[in-house]
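Novice: generate coordinates for the sequence data below:
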Amino acid sequence: MKLLTKKYLKSFSDYDDHLFVFKEEDKQSGLFAYVAIHNNNLGPATGGTRVFNYLSEKDAITDALRLSRAMTYKAALAGVGFGGGKGVIYLHKGEKKNKQMMQRYAKFINDINDTYCEYTTGEDVGLDQEDVELMTETSKFIVGSKGKAGDPSPFAALSCYYAIKESVNFLLKKKNLKGTKVAVKGVGKVGSVLVDFLVEEGCAVYISDINRNAIDDVKRKYPNVISVENYEISKLDVDIYSPCAMGGEFTNVNVNNLNCKIICGAANNQLVSPNVGNSLKEIGIWYIPDYVTNCGGLINVIDQLESSGYKKERVTKRIIKVKKTVAEILRKSLVENIPTNLIADSMAQEKIFAKHGK
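Specialist: Numbering: from 1, shown residues only. As a prediction, this is how the structure comes out:
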């Protein structure tokens, strides 16, 4: 295990005075991984692990830095008493994860906890329930196991659904979602559950996904849902555009192609840079910060760490509070005339640094 130096990390624009960034490379298993610990002022660091075919080592580090910071802010606004961290496993071109790799990664997590600080991890893109169960055999710092918290995806969808409901209530003055036009990009584990909620509420739903099988699964269940190509979904004239696939979607240029009133989705790191929030505000599109909308996944998995054990009822009660957070962000944005992403960041920072200072 190697600890990356602050001097090296300062060359990354997404470095935000992170506490630690660890690197682990094991040739025998093929493991090439990073874990970034952003902040633990509010409690032990937590955050899932992403397994992805990154184009470069720099891209993997950048993702770990950005995602871990978002986890800190997500945990702060969710009020769960945890800090933020994130793991990424860098798969080279054509490489696939394997059992030995995941076991070795679990030992890496143990090393971090034994030597530096507490960090728990679990599912994210590319890391599934089977991987969680396998890593649990090696490490007690894995969350989201069966019989306890389980898959966080339905709960991320639930918080996103509540965020949509509150944004429509606050901005469009509608008490329910009936007739609301919603475009969902990505109908995998999170997006497909979100579609369940939306259809049940009587929304007009449009979907897209790079995986044709995912589209077919939704269409079999809901024949009236309209599927479009991935490149078309963001341009539809809808009330809500809900990105639920990979992040990095919105730039200062492509936001001008949007035809929605509100962006509210579960994908992480949707804005390429914070100033995209200004661009969205200038063209009159409301953005509900992603680390607010998808907080349900976090709330679910860390509940298994409660002294009384995992309780689904407690999880759902905590998730519904996202509606209050969304309303506060929108109200402050209106009053202060500041983009919603900057308002949310400010609210999170107040909680994170209230007792410690920066």
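Novice: find the residue closest to the residue most central in space within the chain in space, skipping its chain neighbours.
Specialist: Centroid-nearest residue in the chain, with CA atoms, centre = their mean: Asn268, separated by 3.9 Å. Distances taken as CB to CB, 6 or more residues apart in numbering put Gly247 closest to Asn268, at 4.6 Å, once the chain neighbours are dropped. C-beta coordinates here come from the backbone N, C-alpha and C atoms, glycine included.
Novice: tell me the pLDDT of the one you found.
Specialist: On pLDDT, Gly247 comes in at 83.
Novice: if we can go back for a sec, from Tyr90, how far out is the residue nearest to the centre of the chain?
Specialist: As judged by CB to CB, to the nearest Å, Asn268 and Tyr90 stand 17 Å apart.
Novice: just Ser11 next, same as before
Specialist: Per CB to CB, Ser11 is found 18 Å from Tyr90.
Novice: what's the burial count for Thr136?
Specialist: By other CB atoms under 10 Å, 18 other residues sit near Thr136.
Novice: show me what contacts it?
Specialist: 106, 142, 145 (CB atoms under 8 Å, 6 or more residues apart in numbering).
Novice: again, but for Val190
Specialist: 153-154, 156-157, 160, 244, 266, 294, 297 are the contacts of Val190 under CB under 8 Å, 6+ apart.
Novice: with neighbour count, distance to Ala45 and secondary structure as extra columns, can I get the residues you listed in TSV?
Specialist: TSV is the format used below for those (neighbours: other CB atoms under 10 Å; distance: CB to CB, whole Å; DSSP: H, G, I helix; E, B strand; the rest coil):
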residue	neighbour count	distance to Ala45	secondary structure
Ser153	25	22	helix
Pro154	18	24	helix
Ala156	29	19	helix
Ala157	26	24	helix
Cys160	32	24	helix
Cys244	28	25	coil
Ala266	30	22	coil
Asn294	27	18	coil
Gly297	29	16	helix
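Novice: can you tell me which of those lies closest to Val51?
Specialist: Set against Val51, the nearest of those by CB to CB is Ser153 (15.4 Å).
Novice: now that closest one. Nearest residue, chain neighbours left out?
Specialist: Per CB to CB, 6+ apart, closest to Ser153 is Lys189, 3.7 Å.
Novice: which ones are touching the one you found?
Specialist: Taking CB under 8 Å, 6+ apart as the test, what Lys189 contacts is 151, 153-154.
Novice: what's the closest of those to Pro339?
Specialist: Nearest to Pro339 out of the contacts of Lys189 is Ser153 (CB to CB; 28.4 Å).
Novice: okay, the residue nearest to Ser153: pLDDT?
Specialist: Looking at Lys189, the pLDDT reads 93.
Novice: could you look up the SS state of it?
Specialist: Following DSSP: H, G, I helix; E, B strand; the rest coil, Lys189 is assigned to coil.
Novice: again with Lys23
Specialist: strand.
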